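# Below: sequence and its predicted model.
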Amino acid sequence: MPVTLIYRAPSTGPICRFIASQAPDPEDVLVVHERDAQSGGRRHISGGVVRWGSIWSGTADVQINSATAIRLARDKSLSRQRLVGLCPDTWYLRRDVHVWPCVVRPRRHHAGSGFYVCDDSVALRRATTRCGKGYYVSPLVRRTHEYRIFVLQGRIVGVSERFMRPATAPDPQRVAWNLHAGGGTRTVKRKQWPIRAALVAIQATERLGLDFGAVDVAVTEQGTVVVWEVNVSPGIKKRQIASNLAQAFLWAELEGPAAPVAQGAKRWADVIHPALRQEVGR
């Protein structure tokens, strides 16, 4: 039976179709808009369903991400509260902010939008007013690396690294290292996966109750790994990541949950998703 990717926003439809096109047999992965799944009477779908940011209310034989977990992950302010200890210090009231500079963000944001860097209380007041109810505030973190780590069933499916292009010289204090801020991404080879960051990413998806998530993490100048957020409908342009996801979703539909990562994991082979082991004969 095929896996069905149910997406919510029109902008994520092409991403789901890209993933489907990278499956060993593209007919094994179907792509359906949330509205069509509801109006078409699809209350139950045979096979597996991946909610790609969707809160579709139906059921399936195998479901990747519950509607409840999707709602939690999309509310960045609320999810920060669940990620205490993994994310940077976070404040939700102006009077609690005591570190400058700081970054203010709205409870919902997308593609690097809604960044406000504040150097004093006046700027903080303006930023929180723009962000509206549910804003959250964190210190501006100096970091050396940023990764997006794709996690499915507590295992790693792929890792991409963000970098700043030469025209925008690397700056550890720069707020956004993303495409919209002049950055780029590269797919990290498995033997170079940052294992400490991968283990933190796995913890983040577990905290939010997610089966699948693209976890944005950073390595600070002090060597600490921090979680920015967990995405449930991430943008994907790299063919290798899309192929890995398609294979892993199909595996999950056929095989069920993957075994948990053993304590003391130190190598990429310890955390890779079972769907991808066959590629390396392990």
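Everything's here; your move.
# what are the ranges of the strands in the stretch 51-200 of the chain?
Here the stretch 51-200 of the chain has its strands, by DSSP state E, counting those that start in this stretch, at 59-64, 102-105, 116-118, 136-139, 143-152, 155-164, 183-187.
# List the pairing partners of the second one within its sheet, with orientation.
Pointing back at strand 102-105 there. strand 116-118 (antiparallel), strand 136-139 (antiparallel) (DSSP bridges).
# hmm, who's touching it?
76, 114-118, 124, 127-128, 131, 135-140, 175 (C-beta atoms under 8 Å, 6 or more residues apart in numbering). Where you see a C-beta, it was placed from the backbone N, CA and C, and this is true even at glycine.
# run the last query once more with 10 Å
Strand 102-105 is contacted by residues 76-77, 80, 88-91, 94, 97, 113-120, 123-131, 134-141, 175-176, 228-229 when judged by C-beta atoms under 10 Å, 6 or more residues apart in numbering.
# Ok, which of the strands of the stretch 51-200 of the chain comes nearest A259?
strand 155-164 (8.4 Å; C-beta to C-beta).
# Now do the same for the closest one: mean pLDDT, whole number.
Strand 155-164 comes out with an average pLDDT of 92.
# about what we covered before: in a markdown table: the strands paired with strand 102-105, plus mean neighbour count, mean pLDDT and distance to V215.
Supplementary listing: the strands paired with strand 102-105 in a markdown table, determined by neighbours: other C-beta atoms under 10 Å; pLDDT from 0 to 100; distance: least, C-beta to C-beta, whole Å:
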| stretch | mean neighbour count | mean pLDDT | distance to V215 |
| --- | --- | --- | --- |
| strand 116-118 | 18 | 94 | 23 |
| strand 136-139 | 20 | 97 | 16 |
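# which one of the strands of the stretch 51-200 of the chain lies closest to P194?
Nearest to P194, of the strands of the stretch 51-200 of the chain and by C-beta to C-beta, is strand 143-152 at 6.1 Å.
# quick one on the thing from earlier: give me the subset of the contacts of strand 102-105 lying in helices.
K76, S77, R80, A123, L124, R125, R126, A127, T128, T129, R130, C131 (DSSP state H).
# count of neighbours near the second one?
Using other C-beta atoms under 10 Å, S77 has 18 neighbouring residues.
# I'd say it and T128 touch.
No. Taking contacts as C-beta atoms under 10 Å, S77 lies outside contact range of T128: 11.7 Å.
# For the two, list the residues in contact with both.
Y92, P106, Y135, Y136, V137.
# Just list the residues touching V151, thanks.
By C-beta under 10 Å, 6+ apart, the neighbours of V151 are 157-159, 198, 201-206, 210-215, 230, 271, 273.
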